[in-house]
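*Asks:* Need coordinates for the following:
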Amino acid sequence: MKKMKGVIAVTLVVSVLFSGNSLITAKTEKKTGIKTKKVTMNTGQKKSIKLKNKKKKAKYLFQSSKTKIVKVSKKGVMTALKVGKAKITVKEKLGKKTKKIGTVSVTVKKAAKPSPAPEQKVTPTPVSTPAVTPVNEKPTVSPQAPGQTETPQTPTPKPPVNPEIKDTPAKFDSTQSGAKYGKVERTNYYSPITGKNRNVNVILPEGYTEEEKYPVIYLFHGGMGDENDWMDGKVQIMIGNMIASGEAKEMIVVMPNCRCRENDAANPSDGFAPDHVHSFDKFLDDFRDNLMPFIESTYSVATGRDNTAIAGLSMGGRVALNIGISLPDKVGYIGAFSPAYGIFPYTNNGLTEEGLFTEETFTLPEYYKNSTYLLINNGNQDGMVKEEPQRYHNALEANGVHHTFYTLDGGHDWVVWKNGFYNFARYLF
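*Replies:* As a prediction, the model looks like this:
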């Protein structure tokens with residue numbers, strides 16, 4: 001009987017020891033939790049959900065209860081889209097088991113309307129020939145331009161004095177062995193100007209990583225198109241081939257919808273109506289205040305004018321010239337392929353406009369005249385924009401703005417636009 005009691009006692013001791021270890025483990029292993037469970041955001045703002053005591057082998061899942069108010073990425077980055085309330089559910093997946101960690105309650109308020117940028121007044125300095133700074137010569141820095149908050153020490157980018165214009169390579173828009181064509185993301189951002197989410201296509205370079213910063217080019221579509229125009233024109237293949245051949249650097253390609261109004265669908269019935277045409281001019285504010293901040297906060301972007309390019313075809317070329325001339329502190333590269341009417345006063349296709357600029361004001365501040373890469377091209381048989389691109393060239397030349405202008409055989413078509421893109425992209429960044 002004594003032996004039996006002894007066995008029982010030993011068993012109890014062992015049991016206590018093991019259960020004690022179990023208790024110690026339970027106490028030392030901390031549960032994963034959410035650091036901030038209530039968040040207030042403004043429309044257009046982004047915030048990351050931060051977790052405490054994350055497990056190394058676990059995967060964390062995020063789901064929004066109202067994606068039209070707040071959307072959340074796979075990494076837990078929330079984007080406030082619309083005024084309202086939503087909840088983000090956070091789950092932890094470890095092996096085959098998935099459990100709920102908790103929720104984040106999000107309240108979205110309307111963002112304050114940004115103050116309008118001060119109007120830039122430029123006094124033109126007419127000259128007989130463009131003032132071109134040779135590549136090896138240090139440029140003279142002019143006084144600070146109106147509206148420019150700070151004058152950098154050295155102007156960038158450094159555009160080529162006489163860029164070589166080449167023919168479009170054979171099979172430029174066909175897939176080639178050894179070339180890689182990156183990843184396309186179709187996303188959207190909220191625009192207070194239109195009161196809705198706006199579509200945008202983004203091409204990320206092959207092997208894209210957040211450890212590296214990439215320059216970005218924004219490509220603008222024609223008057224009847226949308227964010228898919230350049231994709232249909234095979235820009236993903238074109239830029240992939242140029243990177244593979246060493247003619248272009250890796251870059252992020254962004255293709256937005258430039259029709260800045262509530263009805264922004266392609267092929268509208270009012271293609272030559274004032275409301276439709278002017279919606280492209282409104283895109284300047286949307287680009288500056290909404291699209292650029294969205295791209296720079298969502299992707300690993302190298303910021304600054306020396307890392308920012310814009311280009312467009314037809315109406316998109318007009319958009320590129322308008323934005324580039326109006327925002328020289330943000331954009332260092334401007335490409336306009338068969339740019340449409342509207343930069344200057346005109347009457348065409350039953351439409352009359354006062355123009356965005358006069359021939360005297362279509363210029364850059366003195367400081368940027370030789371530190372901006374600006375290229376315009378046009379087809380010799382273009383019956384749509386006719387001689388208007390030549391007119392833009394003449395004004396830039398008279399105002400001493402360093403730029404490149406050339407024509408080639410072709411109409412208002414992709415033959416001209418692809419050649420323009422090719423010769424423009426070769427000198428970027």
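
*Asks:* For residue 403, list the residues it contacts.
*Replies:* 130, 372, 374, 375, 376, 393, 396, 397 (C-beta atoms under 8 Å, 6 or more residues apart in numbering). Using the backbone N, CA and C atoms, a C-beta is placed for each residue, glycine as well.

*Asks:* Of these, just say which sits nearest to residue 317.
*Replies:* Nearest to residue 317 among the contacts of residue 403, counting by C-beta to C-beta, is residue 376 at 7.6 Å.

*Asks:* you'd agree the closest one is in a helix?
*Replies:* No. Counting by DSSP: H, G, I helix; E, B strand; the rest coil, residue 376 is not found in a helix; it is strand.

*Asks:* Just list whatever residues bridge to it.
*Replies:* Taking DSSP bridges as the rule, residue 376 bridges to residue 336, residue 405.

*Asks:* Run a quick neighbour tally on it.
*Replies:* By other C-beta atoms under 10 Å, 25 other residues sit near residue 376.

*Asks:* Any of the contacts of residue 403 buried? List them.
*Replies:* Neighbour-count burial (16 or more other C-beta atoms under 10 Å) applied to those gives 372, 374, 375, 376, 393, 396, 397.

*Asks:* Please report the distance of the residue nearest to residue 288 when sequence neighbours are not counted from residue 289.
*Replies:* Spatially, and ignoring its direct neighbours in sequence, residue 288 is nearest to residue 327 (6.2 Å; C-beta to C-beta, 6 or more residues apart in numbering). Going from residue 327 to residue 289 by C-beta to C-beta, to the nearest Å gives 11 Å.

*Asks:* Same question for residue 332.
*Replies:* For residue 332, the distance to residue 289 - C-beta to C-beta - is 19 Å.

*Asks:* Which one's more surrounded, those two?
*Replies:* Ranked by neighbour count (other C-beta under 10 Å), residue 332 and residue 289 place residue 332 first, with 27 against 19.

*Asks:* what pLDDT does the more buried one get?
*Replies:* Looking at residue 332, its pLDDT is 97.

*Asks:* what sits against it?
*Replies:* Here residue 332 is in contact with 156, 157, 304, 305, 306, 307, 308, 309, 371, 372, 373 (C-beta under 8 Å, 6+ apart).

*Asks:* what about the closest residue to it other than its chain neighbours, neighbour count?
*Replies:* Distances taken as C-beta to C-beta, 6+ apart put residue 305 closest to residue 332, at 3.8 Å, once the chain neighbours are dropped. For residue 305, the number of neighbouring residues by other C-beta under 10 Å comes to 20.

*Asks:* for residue 329, same thing?
*Replies:* 18.

*Asks:* likewise residue 255?
*Replies:* By other C-beta under 10 Å, the residues close to residue 255 number 28.

*Asks:* Could you do residue 53 as well?
*Replies:* 9.

*Asks:* burial measure for the closest residue to it other than its chain neighbours, as a count.
*Replies:* In space, and not counting its chain neighbours, residue 53 is closest to residue 30: 4.4 Å by C-beta to C-beta, 6+ apart. By other C-beta under 10 Å, 9 other residues sit near residue 30.

*Asks:* Specify the local secondary structure of residue 30.
*Replies:* Applying three-state DSSP: residue 30 is coil.

*Asks:* I figured it hits residue 55, correct?
*Replies:* No. Residue 30 is beyond contact range of residue 55, at 9.9 Å (criterion: C-beta atoms under 8 Å).

*Asks:* Need the residues touching each of the two.
*Replies:* If you check residue 30 and residue 55 against C-beta under 8 Å, 6+ apart, no residue is contacted by both.

*Asks:* distance of residue 404 from residue 250?
*Replies:* For residue 404, the distance to residue 250 - C-beta to C-beta - is 23 Å.

*Asks:* what number of residues lie near the residue nearest to residue 288?
*Replies:* 19.

*Asks:* swap in residue 336?
*Replies:* For residue 336, using other C-beta under 10 Å, the count is 33.

*Asks:* Show the contacting residues for it.
*Replies:* Contacts of residue 336 by C-beta under 8 Å, 6+ apart are 311, 312, 317, 318, 320, 321, 374, 375, 376, 377, 389, 392.

*Asks:* please redo it, this time with the cut-off set to 10 Å
*Replies:* For residue 336, the contact set (C-beta atoms under 10 Å, 6 or more residues apart in numbering) comprises 220, 310-314, 316-322, 324, 343, 374-378, 389, 392-393, 403, 405, 420, 424.

*Asks:* swap in residue 339?
*Replies:* 312-322, 376-378, 385, 388-389, 391-392.

*Asks:* ok, and the closest non-adjacent residue to it?
*Replies:* Per C-beta to C-beta, 6+ apart, closest to residue 339 is residue 317, 3.1 Å.

*Asks:* Three-state assignment for that neighbour, please.
*Replies:* Residue 317 - assigned by three-state DSSP - is helix.

*Asks:* Now do the same for it: its pLDDT.
*Replies:* Reported pLDDT for residue 317: 98.

*Asks:* what pLDDT does the residue nearest to residue 332 get?
*Replies:* So residue 305 comes in at 96 (pLDDT).

*Asks:* next one: residue 57
*Replies:* 83.

*Asks:* ok, now residue 272?
*Replies:* 88.

*Asks:* What ranges does the stretch 251-400 of the chain have for its strands?
*Replies:* 252-256, 308-313, 333-337, 346-348, 351-353, 373-379 (DSSP state E, counting those that start in this stretch).

*Asks:* Let's verify the closest residue to residue 241 other than its chain neighbours: helix, strand, or coil?
*Replies:* Among residues not flanking residue 241 along the chain, residue 179 sits closest, at 5.3 Å (C-beta to C-beta, 6+ apart). Three-state call for residue 179 (three-state DSSP): coil.

*Asks:* what about residue 179, distance to residue 428?
*Replies:* Separation of residue 179 from residue 428 (C-beta to C-beta): 18 Å.

*Asks:* again, but for residue 229
*Replies:* Per C-beta to C-beta, residue 229 is found 20 Å from residue 428.

*Asks:* who's more crowded, these two?
*Replies:* residue 229 (24 against 20).

*Asks:* That one contacts residue 267, doesn't it?
*Replies:* No. Judged on C-beta atoms under 10 Å, residue 229 makes no contact with residue 267 at a distance of 11.2 Å.

*Asks:* thinking again about what came up before, in a markdown table: the contacts of residue 403, plus pLDDT and distance to residue 282.
*Replies:* Output for the contacts of residue 403, formatted as a markdown table (pLDDT from 0 to 100; distance: C-beta to C-beta, whole Å):
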| residue | pLDDT | distance to residue 282 |
| --- | --- | --- |
| 130 | 36 | 31 |
| 372 | 97 | 24 |
| 374 | 98 | 23 |
| 375 | 98 | 25 |
| 376 | 98 | 23 |
| 393 | 98 | 26 |
| 396 | 98 | 24 |
| 397 | 97 | 29 |
